[in-house]
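Student: Could you look at this predicted model? Sequence included:
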Number of protein chains: 2
Amino acid sequence: MAGKVYLIGAGPGAADLITVRGMRLLQSADAVLYDALVQPEMLDYCPQAVLIPVGKRCAQASTAQRFINKMLLDAAAKYGKVVRLKGGDPMLFGRAQEELAELAAAGIEYEVVPGITAALAASAEAGVSLTSRGLARNVLFATARVGEGEAGSDWVKPVMAADTAVLYMGVRQAAEVAAALLAAGMVPSTPLLIIENASLPGSREFPLTLAELPQAASWNLAGPAILLIGEVYRAKLALAEPDVRARFG
Amino acid sequence: MAGKVYLIGAGPGAADLITVRGMRLLQSADAVLYDALVQPEMLDYCPQAVLIPVGKRCAQASTAQRFINKMLLDAAAKYGKVVRLKGGDPMLFGRAQEELAELAAAGIEYEVVPGITAALAASAEAGVSLTSRGLARNVLFATARVGEGEAGSDWVKPVMAADTAVLYMGVRQAAEVAAALLAAGMVPSTPLLIIENASLPGSREFPLTLAELPQAASWNLAGPAILLIGEVYRAKLALAEPDVRARFG
């Protein structure tokens, strides 16, 4: 007997920012495979399920994707209703396509349930719309990869072309990101907003300019952080403490 | 006594694709102001609340934004817990910033709750990831405006620069959208995917090429539709009925 697999977006972190559908599927799941980005509170929805952690966190010891795929197939063979719970939305910066391809090849039924991606949660929390009449009509979601040769700068052109841009995981390499954007002609006074731990307790926001961004690398933000770029963040900047060091203090 | 206003994303349509937080706030709301895009089933969560429809649907008789703002302030003055329920996510292609500015100016407390935006729901349903290793590292969300002079083509450059692009409300003016993209140098065989009524009963998907897009204007899609553009949709196209007319039939 092969089970059915539900690939579910857990959302940004807060347990009540999963969808109602996602919660209900967790409540009736036989087994749940979950990412390191999934908060423990989220698993309170499924005390009945067998819990299978499957690692994966940027720059930590991670379980290889191939091994995750294998565990998913094994769970589908063993249990009736299997949930694969992924941080954020499964169809954005996850590696859902590879997991779905494995399931399809093995003839296992699956369904994808969307989740709130970090950019939407961060925007809600900050109270700044990603798009705004007269200021921004479009928004780009990207990951900044630096130092990987030509492919390491393929995010720069689309970021420059968009009105608002969101860089997932862009803060860790803040100096390199700033250098690449300045080299491409982005104005040093461009307003940015870093949001750390969106939707979680201890969430923080840091308004800054592109010129100040290199300093952010040394602030050792502890949680996952996203970098938002564009005119819509200028109002936040106007309200910020003038000394950028104090802002991050 | 001034109430608190919760600006909540209802998500793409299906009642169980709202967040758990959104559902719980609806369940305890005193008054709910809702868009035309919000499905009636969603209001089953709040039988106790005063329901206030506030119009707004593309190309239909719409209540002016200024009037919505006024109703929101009135409701906050009259009721304790007010929900402003918006289709999709409030911080993406809504006019949340204007509503929040009104509330702030009036000294009314507010909170924003994110929602699943149509692009994420459509991707989950189609089973195609917006980003995919080796194919697409970034995604642009835009609205296609055509025939409004210079500002009417400001979406073209960012769409061309992104790996994957999602055009909200891009199907109505399919011929103009296709012409603009072809003129900008997009390859005619570029794979597209139109998804109508994502997450709702009767949802349909139409794989097609950029060259075939002008024909889509005449198919009279009844529900809200989004247009997805990029290499990640090539696999869908390979599986499609060769005659594009039959595909839409």
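Tutor: Arrived safely. Numbers count the residues shown, from 1 in each chain, chains lettered A, B, ... in the order given.

Student: Please count neighbours and contacts with C-alpha atoms only from this point.
Tutor: Noted.

Student: Kindly check the end-to-end length of stretch A:79-96 for me.
Tutor: End-to-end distance of stretch A:79-96: 20 Å, with Cα to Cα, to the nearest Å as the criterion.

Student: What of stretch A:123-131?
Tutor: End-to-end distance for stretch A:123-131: 10 Å, by Cα to Cα.

Student: what do you get for stretch A:34-52?
Tutor: First residue to last in stretch A:34-52 (Cα to Cα) measures 6 Å.

Student: Okay, buried residues for the longest helix seen in chain A please.
Tutor: Longest helix in chain A, counting residues (DSSP state H): helix A:65-78. Neighbour-count burial for helix A:65-78, counted by 16 or more other Cα atoms under 10 Å in any protein chain shown, picks out A:68-69, A:72-73, A:75-76.

Student: What strands line up against the helix or strand just after that helix, and which way round?
Tutor: Toward the C-terminus, helix A:65-78 is succeeded by strand A:81-86 as the next helix or strand (DSSP states H and E). Applying DSSP bridges, strand A:81-86 is found paired with strand A:4-9 (parallel), strand A:31-34 (parallel).

Student: Out of the ones you listed, which gets nearest to residue A:171?
Tutor: strand A:4-9 (23.1 Å; Cα to Cα).

Student: quick one, helices of chain A?
Tutor: Under DSSP H, chain A gives helices at A:20-27, A:65-78, A:96-105, A:118-126, A:156-161, A:174-183, A:213-216, A:234-239, A:244-247.

Student: and stretch A:88-108, anywhere near chain B?
Tutor: Yes: between stretch A:88-108 and chain B, judged by Cα under 8 Å from any Cα of the partner chain, the touching residues are A:89-97, A:100.

Student: Show me the two of the buried residues of helix A:65-78 that sit farthest apart.
Tutor: Taking Cα to Cα as the measure, the buried residues of helix A:65-78 span a maximum distance of 12.3 Å, between A:68 and A:76.

Student: circling back to that earlier point, closest to chain B out of the residues of stretch A:88-108 next to chain B?
Tutor: Chain B has its nearest neighbour among the residues of stretch A:88-108 next to chain B in residue A:91, at 4.2 Å by Cα to the nearest Cα.

Student: For the one residue sitting closest to the centre of chain A, which non-adjacent residue is spatially closest?
Tutor: By Cα atoms, centre = their mean, chain A has its centre lying nearest to residue A:118, at 4.8 Å. Among residues not flanking residue A:118 along the chain, residue A:12 sits closest, at 5.1 Å (Cα to Cα, 6 or more residues apart in numbering or on different chains).

Student: Might one say that that neighbour is in contact with residue A:114?
Tutor: No: look at residue A:12 against residue A:114 with Cα atoms under 8 Å: they stay out of range, at 11.9 Å.

Student: So for the two, which sits in the more crowded spot?
Tutor: Remark: of residue A:12 and residue A:114, residue A:114 carries more neighbours, 32 against 29, as counted by other Cα atoms under 10 Å in any protein chain shown.

Student: domains of chain A?
Tutor: Chain A breaks down into these domains under automatic domain parsing: A:4-113, A:118-247.

Student: Compare those and give me the one nearest residue B:195.
Tutor: Evaluated with Cα to Cα, the domains of chain A place domain A:4-113 nearest to residue B:195, the distance being 15.4 Å.

Student: Check the separation of the first and last residues in that closest one.
Tutor: End-to-end span of domain A:4-113 (Cα to Cα): 13 Å.

Student: mind checking how far residue A:143 is from chain B?
Tutor: Computed as Cα to the nearest Cα, to the nearest Å, the residue A:143 to chain B distance reads 7 Å.

Student: How about residue A:40?
Tutor: As judged by Cα to the nearest Cα, residue A:40 and chain B stand 17 Å apart.

Student: What residues are bridge-paired with residue A:209?
Tutor: Beta-bridge pairing for residue A:209 (DSSP bridges): residue A:191.

Student: contacting residues for it?
Tutor: A:188-192, A:237 (Cα atoms under 8 Å, 6 or more residues apart in numbering or on different chains).

Student: Can you tell me which of the buried residues of helix A:65-78 is nearest residue A:202?
Tutor: For the buried residues of helix A:65-78, the residue nearest residue A:202 by Cα to Cα is residue A:68; the value is 30.6 Å.

Student: Quick check: that closest one touching residue A:54?
Tutor: Yes: using Cα under 8 Å, residue A:68 is in contact with residue A:54, at 6.3 Å.

Student: Can you tell me what sits against the least confident helix or strand in chain A by mean pLDDT?
Tutor: Lowest on mean pLDDT, DSSP states H and E among the helices and strands of chain A sits helix A:244-247, with a mean of 73. Contact with helix A:244-247 is made by A:206-208, A:212, A:240-241, as judged by Cα under 8 Å, 6+ apart.

Student: at 10 Å instead, please
Tutor: A:205-209, A:212-213, A:215-216, A:219, A:240-241 (Cα atoms under 10 Å, 6 or more residues apart in numbering or on different chains).

Student: From the residues you listed, list just the buried residues.
Tutor: With burial judged by 16+ other Cα under 10 Å, the buried subset of the contacts of helix A:244-247 is A:205-209, A:212-213, A:216.

Student: for the spatially closest residue to residue A:156 that is not a sequence neighbour, what are its contacts?
Tutor: Distance criterion Cα to Cα, 6+ apart; nearest residue to residue A:156, sequence neighbours excluded, is residue A:181 at 6.6 Å. Counting by Cα under 10 Å, 6+ apart, residue A:181 makes contact with A:153, A:155-157, A:159-160, A:187-188, A:210.

Student: And these, which is closest to residue A:168?
Tutor: residue A:155 (11.3 Å).

Student: that older thread, now the strands paired with strand A:81-86 in JSON lines, with mean neighbour count and mean pLDDT?
Tutor: Listed next are the strands paired with strand A:81-86 as JSON lines, based on neighbours: other Cα atoms under 10 Å in any protein chain shown; pLDDT from 0 to 100:
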{"stretch": "strand A:4-9", "mean neighbour count": "25", "mean pLDDT": "97"}
{"stretch": "strand A:31-34", "mean neighbour count": "23", "mean pLDDT": "96"}
